[in-house]
Structure formats: C-alpha cells, structure tokens
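Asks: Need a 3D model of the sequence below.
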Amino acid sequence: MDEGKLRITDSRTACEYELPISDASVRAIELRQIRQDPGEFGMLSYDPGFTNTAACTSRIAYIDGTKGILRYRGYPIERLAENCTYTEVAYLLLNGELPTRHELEAWDMELMEHTRVHENVKKFMDGFLYDAHPMGVLVSTVAALSTFYPDAKQIQSRSNRYRQQLRLVAKMPTVAAYVYRKSQGYAYPDPDLGLSYTENFIHMLWSGTRRETNERDLKVFARALDTLFILHAEHEQNCSTSTMRQVASADADPFVGVAAAASALYGPLHGGANEAVLEMLDEIGSAAAIPEFMRQVKAGERRLMGFGHRVYKNYDPRARILQKIAGEVFEITGKNPKIDLATELERIALEDDYFVKRRLYPNVDFYSGIIYEAMGFPIEMFTVLFALGRVAGWLAHWEELMTDPEKRIARPRQIYAGPGEQEFLPIDERLGKARAEVT
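Replies: Numbering: from 1, shown residues only. Okay, here's the model as predicted:
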C-alpha cells in the first residue's frame, strides 16, 4: 500500500529524490539512483548486524518488543503455551492455521511413523569421539540426513517439501536423544510409537538408565518440554532463522538448511545464552553477593546474562511462562537452588533505575537453563534442546521462502575499505620490498 514518499536531498549534488514508502519502509534498491556521477554504482545502505534492515516479508511471527508481544500466525504465545502441544504449534507454523482434532491426530500419527532413523545413521554417530560436543554431533548428523533422502532436493514439489518437513520434525527428537546417549555411552533405543512426541523423546533419552522416568513424572516432564519447545519454536529473523533463509535462497534442501541454522544457533551469543546464565549464577553463589555483582555490572566490569534483548524493550513474555513451568518441574525434581538466586537477582534488577531506564528485563534464557538443569540435562545439551524446538520455525521460513514471488538468492553488498590497485611483485622480490618498508 502506498504510504507516501520519502524526499531526500543529496547535498553533494543538490539533487532531490523521492522514494516510495510502503509498510513504513523504503526499498534499499531505491537508493541506487542516488549518485554523483552516472558511472557510479549508486548509494548503498550500511547496516552492520542488520539492526534496521528488513530482508523479507513474513506471515509467521509477530513481535512488538516495546509492548512485550509475541504471536505465532497471530496467536498470542501465552495462549499457545498454555493450551497446545508442541506438535500442534509445529502444525500451525508449517501450515498457517491451528489443526482440527482430526488433523492433529493424523499429523501426530505421521510424525511418530517417521521417528526412526536408518541404522547407518547410528553407525555414523558412533564415529564421533566420546567427548564430542552434542551440538557438533547434531549439526553433522542432520546435514548427513540429506544424503539418506536425496529426494529432498526436489524442492519445486509442495508434496515433497511437506514430506521432508515431516521427516525433520519427526527425526530431530530421535537424533537429539541419540546425541545425548552417545555422550553417556548408552545404546540407542527404538522410538515408542505409543507415546506422544515429547513423551517419546524422554523415553529415548533415559530408557534403560538410572534416569528412567515413571508414568507420573513422564507426564509432567513431557508437558514442560512441550511448553519449552513452543516458546523456542519461532522468533522472527534471529541469527539462525536468517541463516536458514540465506541458505534456502540458494535452493538448498531443508536438511542442510537446518544444519546451517543449527550451526548459527551453536554460537554462544545465540543458543548458548541460557548456559551463560547458569555460569553467572554459579559465580555469584549467594544472594548476599548480588549487590556487589550488580555494582560491577553497572561499572561495566561484568555482564548481566539473561537480561535484555535485541528486540524486546519490555518483559519477555516467554520468561513469565517459564516461571510457572519451573514450579511444576520442581515438584518432581525438588527445587533447583539457582531459582531463588535468579528470582532475587530479577527483583533487585527490576527495582534499580539503572536497569529500568535501559529497559533490561529477563528474557527466555534467564529461566530455561534452570529448568533443563533440574530435569537432569547436562549443560552441553541445552542448545540441542533449543534446536529441537526451533526446527519447526526454521522449516516454516524455508517453506515461506520457497513460495515467495520475490525470492532471490541472498547476496548482500559490502563497502570495500581495502587498498587500491597494487603493483604485483614476483615472489623472490617481495622480501626485499618488506625490508625496505620496515627501514
């Protein structure tokens, strides 16, 4: 919809330009017409980290960071987390609308039928060293699945794309569980098709071990994981999702796309944030040490992990939901002592003008790690669990891009800041030049 024009005057040439405004934005390509000389390439926008650049149009997630709003396909995250299973939300993200009861039953049945992986996948995973990081194993295994399903490259077929999305959502818990069991030296169990998606994941994690869960605890843990996966399922154009779109723009199949997205998630500034929260709480140690820690934060000597967000300038709605889930899990596991420390840290921060003025509120990472730790997950598995929940969102963006009429291979521009043309010297003359420059 035409919303008027942005008038720009170039002070170098005194020329005026009018750029159409649509959806409160201007297309960067419109800047190309601004130039001093007809032979120039034209003006570029420069935006390190893409802090104010929209790379796509999407109908999947809506975030209002100022008001603390997150919606999937228009549905408030609070309602989805309270009332839905993860597979129900995955269906919503991938298909655009919540399923009917019949559709959900059929979807769940299809997922469970695709949970098994080829026996050679287990052999592939056995090739990693016993102390390999779980995320490295996950990324490699998901990428390797592309070779088991060569039909995944037939991306022009909607029915085939659906088949690959089904496979990935179904097999991620199996791969994630096997990643964990590999790290612990346990055998790989078969999925139990009579269980729900998250119940089966727990079964594959701890079946035949000391952590094997009774029926009552299984229901509580499964519900907690449903909620955690829902909260992690989608979050607009974050680092890993934009990576998925970047790779997908080259018509890559979804297996390697998910592997690339998971690689981005592997970075400690993205998926490793909840791990950093636990490390911070361990360093603080006790409530008595919080005031000194906060003094160091305000002096710029330390970082307050799990607070603040690139998008949210209000309380992250996902963090409120996790507070309730934490209580339910602790009824089974006993209270994780870090929760009292975290709650006191939050109370002090939200009463301090330094943090309030900067709109630094708890985000989803502040509580998720505490819950995972209480459930018995080693800290190295936290990002694997994040990837398991986020796979539905990644695939929704992959599918959306496949049908986008404006789809083009991603190719950002750069501003070159290197040297101009240099004289080429034969290899035997280069040392003499270097010595001359030093003297």
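Asks: which residues sit in contact with the residue positioned nearest the centre of the chain?
Replies: Nearest to the geometric centre of the chain sits Ser240, at 5.0 Å (Cα atoms, centre = their mean). The contact partners of Ser240, by Cβ atoms under 8 Å, 6 or more residues apart in numbering, come to 261-262, 264-265, 270-271, 390, 394. Using the backbone N, CA and C atoms, a C-beta is placed for each residue, glycine as well.
Asks: got a pLDDT number for it?
Replies: Confidence at Ser240, expressed as pLDDT, is 97.
Asks: Would you quantify the distance from it to Leu278?
Replies: 21 Å (Cβ to Cβ, to the nearest Å).
Asks: isn't there a strand covering Leu93?
Replies: No. Secondary structure of Leu93 (DSSP: H, G, I helix; E, B strand; the rest coil): helix, not part of a strand.
Asks: distance of it from Leu269?
Replies: Distance of Leu93 to Leu269, given as Cβ to Cβ: 24 Å.
Asks: Counting neighbours, go ahead and name the busier of these two.
Replies: Taking neighbours as other Cβ atoms under 10 Å, Leu93 and Leu269 compare with Leu93 leading, 24 against 9.
Asks: For that one, give me the pLDDT.
Replies: Reading off the confidence values, Leu93 has pLDDT 98.
Asks: Who are the contact partners of Trp206?
Replies: By Cβ under 8 Å, 6+ apart, Trp206 lies in contact with 212-213, 376.
Asks: Would you map the strands across the stretch 51-200 of the chain?
Replies: For the stretch 51-200 of the chain, the strands defined by DSSP state E, counting those that start in this stretch occupy 61-64, 69-72, 75-76.
Asks: Now distance to Asp131 and mean neighbour count too, for those strands, in a markdown table please.
Replies: Shown next, in a markdown table, are the strands of the stretch 51-200 of the chain (distance: least, Cβ to Cβ, whole Å; neighbours: other Cβ atoms under 10 Å):
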| stretch | distance to Asp131 | mean neighbour count |
| --- | --- | --- |
| strand 61-64 | 36 | 17 |
| strand 69-72 | 37 | 20 |
| strand 75-76 | 42 | 16 |
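Asks: and Met402, which of those strands is closest to it?
Replies: Minimum separation from Met402 across the strands of the stretch 51-200 of the chain (Cβ to Cβ) falls at strand 61-64, 17.6 Å.
Asks: Which residues does the helix or strand Val297 falls within contact?
Replies: Per DSSP states H and E: Val297 is located in helix 290-298. Helix 290-298 is touched from outside by 283-284, 302-304, 341, 344-345, 348-349, 352, 354, with contacts defined as Cβ under 8 Å, 6+ apart.
Asks: if we go to 6 Å?
Replies: Residues outside helix 290-298 that contact it (Cβ atoms under 6 Å, 6 or more residues apart in numbering) are 284, 302, 304, 345, 348, 354.
Asks: Now intersect these with the strands, please.
Replies: Among the contacts of helix 290-298, DSSP state E puts none in strands.
Asks: May I ask which of these has the most neighbours?
Replies: Within those, neighbour counts (other Cβ under 10 Å) peak at Leu345, which reaches 24 neighbours.
Asks: give the contact list for it.
Replies: Leu345 sits in contact with Ile290, where contact means Cβ under 6 Å, 6+ apart.
Asks: For Asp2, give me the pLDDT.
Replies: 63.
Asks: Offset the numbering so it begins at 39, please.
Replies: In the new numbering, first residue 39, that becomes Asp40.
Asks: Ala472: neighbour count?
Replies: Residues lying near Ala472 (other Cβ under 10 Å) number 10.
Asks: Angles on the backbone of it, please.
Replies: Torsion angles at Ala472 (phi, psi; degrees, to the nearest 10) stand at phi -60, psi -40.
Asks: So for it, what's the pLDDT?
Replies: With respect to pLDDT, Ala472 has a value of 80.
Asks: any idea how far it lies from Ile465?
Replies: According to Cβ to Cβ, Ala472 stands 12 Å off from Ile465.
Asks: Can you tell me the SS state at Thr47?
Replies: strand.
Asks: So it sits against Glu56, correct?
Replies: No. Applying Cβ atoms under 6 Å as the test, Thr47 and Glu56 come out as separate, 10.6 Å apart.
Asks: re earlier: my read is the residue nearest to the centre of the chain is in a helix, agree?
Replies: Yes. Under three-state DSSP, Ser278 falls within a helix.
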